[in-house]
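Structure, please.
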Amino acid sequence: MYLNCHTYYSLRYGTIKPEQLLAIASENGVQTLALTDINTTSACLDIVRLSKKYKVKPVLGVDFRNKAQQEFILIAKNNNGFQNINDYLSRFLHNHDLKIPERPEHILDDCFVVYPYQKGKDFKLKANEFLGITPKDLNQLKFSKWNTHREKLVVLKTVSFQNKKGFNTHRLLRAIDNNTLLSKLPKSEEGSEHDVMLPYNELCNVYSEFPNLITNTKQLLDNCSIDFDFENPIPKNQRFLTENIDSDYQLLEKLTYDGIPYRYGNTIDSKIYSRIEKELSIIKQKGFVSYFLINWKILEYARSKDYYYVGRGSGANSIIAYLLRITDVDPIELDLYFERFINLFRQNPPDFDIDFSWKDRDDVTKFIFKTFKNTALITVYNTFKFRASVRELGKVFGLPKSEMDMLTRGKYNIQKLDRLSQLVIKYAKYIQGFPNYLGIHAGGILISEKPIHYYCATFMPPKGFPTTQFDMVVAEDIGLYKFDILSQRGLGKIKDTVDIINQNYQNQPPVDIHNIKGFKEDKRIKYLLKNAEAIGCFYVESPAMRMLLKKLQVDDYLGLVAASSVIRPGVAQSGMMRQYILRCRYPEKRKEAHPVLAKLMPETYGVMVYQEDVIKVAHHFGGLDLGESDMLRRGMSGKFRSREEFLKVKQKFFENCKNEGKSYNLVADIWRQIESFAGYAFAKGHSASYAVESYQSLFLKAYYPLEYMTATINNFGGFYSTELYVHEARMHNGRIESPCINNSHNHSIIRGKTIYLGFMFLQSFESKTTECILKERQLNGKFNSLDDFIERVPISIEQISILIKINAFRFTKINKRELLWEAHLKISKTIIEEHVITLFKTQRINYNTPELPSTALENAFDEIELLGFPLCNPFQLLELPSTSRLRAKYLEQLEGKYIRIEGYLITIKNTKTANRKLMYFGTFLDCDGDFIDTVHFPPVAAKYPFRGKGIYEIIGKVMVEFDCVTIEVSKLERLAIIEDPRYSIKSLNPTFQKKKSFKDLKAQYEQ
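Numbering: from 1, shown residues only. So this is what the prediction gives:
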């Protein structure tokens, strides 16, 4: 009976969760309702999926509005009508210049149109069009011409909120959407406080004088029927790549066997062939043949363009994926558990994550959209977060910024707040988790057999590709599984390094970066791993990972694969990371593992490290079948944790163990281990894929450290900032030069052992200026003086000042302060777009500029301003020279002693203790450039907080565990650096002494 129901996916308007809407309908005796969210179909499939539980028949449609102004409602008679509505809505969502009209321009097949009475009362209605009569329209209707044409009238009782609190929340959301104070929110921008659901009988009483309207509405809804199968969601992706399913399978089989020589050479191993037969059989039975072939097609294109990529995720557990070159991990070598990827019991679709360089991914995405017909990116729901909501609501209520800052920091006693501040906190908590706007999934792409609009409307974000209005969870529910096309900078670093090496070492054979087998046995790589000398290397460079590698003494591939998953948060939280380290370092500790777990996971000494381990334990220890075991694994990720299916599986796990006589304490402990990390741990194949890329970067770091650091700098680093990678290059005997107009390019380059930083690292330096410099240098050679540069390159005074201050004209041997004077005297503030070509060169004017001293310290502060860091040792900038002789390399000998050492702050990791108190882990460099690791427990963290970048005096106790040295900090103080000499009253530079502008001085010297 309700034709116009909204959920909170009517963004910044509705306030009811989808399932809550169905629950309200069920409570009120409503057997049918039409979900018509405003300009979206985000909640439609979820409503259909959940409707059976509440015994409510769902009807789907869309409420078309311009902002809050309702134009008309489209209601789908069937699935075809729903697709037509999605087609129509998407026109407006793809083109923001299009305004929704007062009525559709043409008849949409299999759709009903309902106009609000006040909008449509003067229309001549077509067969599928109706007027919606709201309760407040009833009196006016008695005197309207439509009173005698009641066959075209239906009940229009909008539902947007559950109650008064919902309406109040709605008004706040509307004020946020309109960026206005609540007191200034126009009535036209909000709904009616009466837009709540009434019990069915009460609604009928409201329209009792017009029974025809109730009959018409019921008849309209009876003529609507939507059918989506959620019980047995067979794959809905593109069914075949070739002509049909049979030819697809033949192609998959051929590609698989053709791939054996590339991967295994002439080796004939029965394990390989039996594994192939097993996988092909399951892939065919589950209908995933096209999924493999589409991935193969995408990556065949990538290889044709020489794009680097890494196939990871549970897909690496498949030998078919390995032979098709989707992944680079040999599942035979690693004994990977194929059932983690696909098994006959598993209902949800498989998953490949394909990483590309950040430079290449967009082109691969374009190829996918051009090649496959029904394609869309997947959305993510960006929700209201508490702190952001506090700030938004603070603005709506007109709170001053200082009060909003206090509330967002949480530094308040709720009882002592004024009424408005209390309301801000109350409603910020209430809307926390509400969808705020639609974003784009990191890499998810759908390739569907049916048009995407069969399932939902699409919108067009700035990225320029159609994007669904539902997320990946809903997509999986209906049987649409995503293709993950992701990007990472690690691959860009590897590719760029190989290019630099091949260019700079043309007399040696090209680097084979795919020689993973050789890398696994390489002694230099083993040394880097064991000693955690991995700065810049993919996934193994963070302080936590380097510490773990050292604790485990990892020097082989399998050890690195395990470490890649052990480092994940859940393993540490469960306490099993420490157990794994102990069992790895001390073999006698391995006997402590439960016999069943030790047998299931001998490689990791009975410790659950991978996602497969959850499936194994659930299956063999908990007696669940493979489908239930996988449901358990998925449920742990949080996406499905609250679903009934997951809760039933959890209950069955405990019941099975109880029936087998296992003690409750043991079962509870095993469950705790599963629950604490299963949502975070990697699939073994995923870890193995990461380890392959780690080995590639470790090889480059071991043999070509300066080239690798240059590429790392150009790809904007990794875990750390550019400054640390510059430092790391210097630690490998590299000579770092600031940008130079005769040697530098946009990106950094290396010549011998000298790295010239690129122009792109200069703050506020324009790319068009870089283009002009490089083009002119290529055409007419290097610049021989400042005058020569000014004559040949059109440049503003602001831009040339940046070049001079960073010492880009150092080849002239003229002090840069003098060059600044010259530039200001010779260049107009007007930006010249192009040089005018003349027959005769203008005679150069030379000024007698004063001698202006410039020191290395002034250079350092110019570098900090323009690059973000100094190129000198930062300890040279201390106000009082360092008196501490202690260095990081001596700390291990001082175990248990309290020491004082100075360190330059590199990075901080914030975390919370079990009782939610804040603590830190710090990473510093000592004066020699070696690492210092610190731990700051809550009392010290509160008393001695970090105070930004700089050099700190660290006082604390030296702790050594598993060969890793840390300082348990008891006191932390940032040391003062020198006053900026460019502006210091002690400066010898008269420009700053006299406080005169360059404009004043220019006039003085022209007199």
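
The closest residue to Lys684 other than its chain neighbours: neighbour count?
By the measure of C-beta to C-beta, 6 or more residues apart in numbering, the closest residue to Lys684 outside its immediate chain neighbours is Tyr610, 4.1 Å from it. The way it works is simple: take the backbone N, C-alpha and C, and place the C-beta from them, glycine included. Neighbour count for Tyr610, taken as other C-beta atoms under 10 Å: 32.

ok now do Tyr610, which residues does it touch?
By C-beta atoms under 8 Å, 6 or more residues apart in numbering, the contact list for Tyr610 reads 565, 604, 681-684, 687.

if we go to 7 Å?
Tyr610 makes contact with 565, 681-684, 687, according to C-beta atoms under 7 Å, 6 or more residues apart in numbering.

and what of Met545?
Contacts of Met545 by C-beta under 7 Å, 6+ apart are 539, 567.

So which bits of the helix or strand hosting Lys520 are buried?
Using DSSP states H and E, Lys520 falls within helix 516-521. Residues of helix 516-521 classed as buried by neighbour count (16 or more other C-beta atoms under 10 Å): 516, 519-520.

out of those, who's nearest Gly479?
Ile516 (35.7 Å; C-beta to C-beta).

what's next to the following helix or strand past the helix holding Lys520, contact-wise?
Heading C-terminal from helix 516-521, the first helix or strand you meet, by DSSP H and E, is helix 523-530. Residues from elsewhere that reach helix 523-530 (C-beta under 7 Å, 6+ apart): 519, 534, 549, 553-555, 560, 695, 698-699, 701-703.

can you name the two of those that are farthest apart?
Gln553 and Tyr703, at 22.7 Å, using C-beta to C-beta across the contacts of helix 523-530.

Give me the buried subset of the contacts of helix 523-530.
519, 534, 549, 553-555, 560, 695, 698-699, 701-702.

Now distance to Ala942 too, for those, in JSON lines please.
Formatted as JSON lines, those follow (distance: C-beta to C-beta, whole Å):
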{"residue": "Phe519", "distance to Ala942": "46"}
{"residue": "Ala534", "distance to Ala942": "33"}
{"residue": "Leu549", "distance to Ala942": "31"}
{"residue": "Gln553", "distance to Ala942": "36"}
{"residue": "Val554", "distance to Ala942": "35"}
{"residue": "Asp555", "distance to Ala942": "40"}
{"residue": "Leu560", "distance to Ala942": "37"}
{"residue": "Tyr695", "distance to Ala942": "42"}
{"residue": "Leu698", "distance to Ala942": "39"}
{"residue": "Phe699", "distance to Ala942": "44"}
{"residue": "Lys701", "distance to Ala942": "38"}
{"residue": "Ala702", "distance to Ala942": "42"}
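
Among these, name the ones in helices.
519, 549, 560, 695, 698-699, 701-702 (DSSP state H).

With pLDDT and distance to Phe470 as new columns, can the buried ones among the contacts of helix 523-530 be given to me in JSON lines?
Output for the buried ones among the contacts of helix 523-530, formatted as JSON lines (pLDDT from 0 to 100; distance: C-beta to C-beta, whole Å):
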{"residue": "Phe519", "pLDDT": "95", "distance to Phe470": "42"}
{"residue": "Ala534", "pLDDT": "94", "distance to Phe470": "40"}
{"residue": "Leu549", "pLDDT": "94", "distance to Phe470": "41"}
{"residue": "Gln553", "pLDDT": "92", "distance to Phe470": "47"}
{"residue": "Val554", "pLDDT": "91", "distance to Phe470": "42"}
{"residue": "Asp555", "pLDDT": "92", "distance to Phe470": "47"}
{"residue": "Leu560", "pLDDT": "94", "distance to Phe470": "38"}
{"residue": "Tyr695", "pLDDT": "95", "distance to Phe470": "39"}
{"residue": "Leu698", "pLDDT": "97", "distance to Phe470": "41"}
{"residue": "Phe699", "pLDDT": "97", "distance to Phe470": "43"}
{"residue": "Lys701", "pLDDT": "97", "distance to Phe470": "43"}
{"residue": "Ala702", "pLDDT": "97", "distance to Phe470": "47"}
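
between those, which is closest to Ile494?
Phe699 (9.3 Å).

ok, now which ones touch that closest one?
519, 522, 525.

Using JSON lines, lay out the residues you listed together with distance to Thr134.
Shown next, in JSON lines, are these (distance: C-beta to C-beta, whole Å):
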{"residue": "Phe519", "distance to Thr134": "71"}
{"residue": "Asp522", "distance to Thr134": "76"}
{"residue": "Ile525", "distance to Thr134": "73"}
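
for the residues you listed, which one is nearest Ile107?
Phe519 (65.0 Å).

Could you tell me how far that closest one is located from Glu655?
The spacing between Phe519 and Glu655, counted by C-beta to C-beta, to the nearest Å, is 48 Å.

cool, Glu243 as well?
50 Å.

and what of Gly410?
Taking C-beta to C-beta, one finds Gly410 at 42 Å from Glu655.

In the stretch 101-250 of the chain, mark out all the strands, start to finish.
In the stretch 101-250 of the chain, the strands defined using DSSP state E, counting those that start in this stretch lie at 111-116, 129-133, 153-155, 158-159.

So for Glu449, which of those strands sits nearest?
strand 111-116 (23.3 Å).

The closest one pairs with which strands, and in what direction?
Next to strand 111-116 in the sheet, as set by DSSP bridges, lie strand 69-76 (antiparallel), strand 129-133 (parallel).

wait, Lys701 sits on Phe538?
No: assessed by C-beta atoms under 7 Å, Lys701 is found out of contact with Phe538, at 10.1 Å.

where does this structure have low pLDDT?
Of all residues in the chain, those with pLDDT under 70 make up the ranges 337, 339-350, 569-574, 633-646, 676-681, 828-854, 984-1007.
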